[in-house]
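Asker: I would like to see how this sequence folds:
(chains A, B, C and D)
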2 protein chains.
Amino acid sequence: MQDLTIGRLAKTAGSDVETIRYYERRGLVPEPPRGRNGYRLYPASAVARLRFIQRAKTLGFSLAEIADLLRLQDANADRGEVRAMTRQKQADLDQRIADLQRMRAVLADLEERCTGHGPAQSCPIIEALNQHASPEVAE
Amino acid sequence: MQDLTIGRLAKTAGSDVETIRYYERRGLVPEPPRGRNGYRLYPASAVARLRFIQRAKTLGFSLAEIADLLRLQDANADRGEVRAMTRQKQADLDQRIADLQRMRAVLADLEERCTGHGPAQSCPIIEALNQHASPEVAE
DNA sequence: GTTGACCCTGTAGTCTACTCCGGGATTATG
DNA sequence: CATAATCCCGGAGTAGACTACAGGGTCAAC
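Answerer: Numbering: from 1, shown residues only, chains lettered A, B, ... in the order given. Got it, this is the predicted structure:
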């Protein structure tokens, strides 16, 4: 397969020229060789690299974490390290899910108590928001 | 009750001086009267206002949305509008929870397939990220 | 009365992941 | 050959919610 210009790489991988240059600055995509005109010339493997980044993003990894994963891959490190990152990310997600579910439950409860019409200032939701939120903040 | 300087308000409400001034710029906290020295002098009700903001934040509302909620309260609008915002926020949360749960499920599946030790380049997790088709997400 | 805590304004920096812009060189298309 | 598309670089702007100065005035405690 021929080398790809950044534009063709972007199109092939479903990414964007500016995004690829940004990933290069961030160290996620290695600097490719340049043609005589100074254009970046990517090997076909760059497509896989971008797809890796995209998929890791859909799994909740940050670019910094993806850079770590790519380093583990490039260094062919022990898969235990990869598994550890996966476990950590699951724990992060569990925490965030639990937080969101708690919020959601409170909102559902408040909504249930607010029926019909009437002034907002006697709306149970507004009233709840005006209660003392922090049971422990002293003074 | 005496008026509060911004520092005492911050302490009482469990907030921060800079944060309160920021909320003022954002229109969440009304500009209070000033003393002869130019100091902000807050009525006791400002504490409730800050607590409202804090509590709404813990329920997932953005500052822009909280500003809307406060406007509904201040204008004593119909509680139907408050309920609508609460419903919308629940829908947002449901969407985010679903996204996170999907990510979490994929990670759990991948982790299960990666056992013991060995080179990362043959790690099922890394391999999945390198697949042409996404591990669980449609193309 | 002097030190240190507190207050003022306005601006700038932080984090994440881009996205856009200007100005200029090169290549592809008709 | 003219024009459009693409490429280069460096830097600035975006959103959200703060957080941190700089530089200067004021107030409370010892």
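Asker: the spatially closest residue to A:Glu24 that is not a sequence neighbour: what secondary structure?
Answerer: Computed as Cβ to Cβ, 6 or more residues apart in numbering or on different chains, the closest residue to A:Glu24 that is not its neighbour in sequence is A:Glu31, at 6.1 Å. C-betas here are computed from N, CA, C, even on glycine. Three-state assignment for A:Glu31 (DSSP: H, G, I helix; E, B strand; the rest coil): coil.
Asker: state the distance from A:Glu31 to B:Gln54.
Answerer: 47 Å (Cβ to Cβ, to the nearest Å).
Asker: of these two, who's got more company?
Answerer: Remark: of A:Glu31 and B:Gln54, B:Gln54 carries more neighbours, 17 against 9, as counted by other Cβ atoms under 10 Å in any protein chain shown.
Asker: after the host helix or strand of the more buried one comes which helix or strand?
Answerer: Per DSSP states H and E, B:Gln54 falls inside helix B:45-58. On the C-terminal side of helix B:45-58, the closest following helix or strand by DSSP H and E is helix B:63-74.
Asker: quick one: mean pLDDT over the following helix or strand past that next one.
Answerer: As assigned by DSSP H and E, the chain's next helix or strand after helix B:63-74 is helix B:79-113. Averaging pLDDT along helix B:79-113 gives 96.
Asker: quick one: is helix B:79-113 near DNA strand D?
Answerer: No. Against DNA strand D, helix B:79-113 shows no contacts by Cβ under 7 Å from any atom of the strand, the least distance being 11.9 Å.
Asker: buried residues in that helix?
Answerer: For helix B:79-113, a neighbour-count test (16 or more other Cβ atoms under 10 Å in any protein chain shown) marks B:79, B:81-83, B:85-86, B:89-90, B:92-93, B:96-97, B:100, B:102-104, B:106-107, B:110-111 as buried.
Asker: and chain A, which of those residues contact it?
Answerer: Applying Cβ under 8 Å from any Cβ of the partner chain to the buried residues of helix B:79-113, one finds that B:79, B:81-83, B:86, B:89-90, B:93, B:96-97, B:100, B:103-104, B:106-107, B:110-111 fall near chain A.
Asker: what residues does chain A have near DNA strand C?
Answerer: Within chain A, the positions near DNA strand C by Cβ under 7 Å from any atom of the strand are A:16, A:18-19, A:21-22, A:35-39, A:57, A:62-64.
Asker: near DNA strand D, from those residues?
Answerer: Among the residues of chain A next to DNA strand C, the ones lying near DNA strand D by Cβ under 7 Å from any atom of the strand are A:21, A:38-39.
Asker: now, these that are in helices?
Answerer: A:Arg21 (DSSP state H).
Asker: which SSE is A:Ile125 in?
Answerer: According to DSSP H and E, A:Ile125 maps onto helix A:124-130.
Asker: now that helix: buried residues?
Answerer: By neighbour count with 16+ other Cβ under 10 Å, helix A:124-130 contains the buried residues A:124-126, A:128-129.
Asker: same question, stretch A:22-40
Answerer: Buried, per 16+ other Cβ under 10 Å, within stretch A:22-40: A:23, A:28-29, A:32, A:40.
Asker: kindly report the same for stretch A:46-55.
Answerer: So stretch A:46-55, judged by 16+ other Cβ under 10 Å, has buried residues A:46-47, A:49-55.
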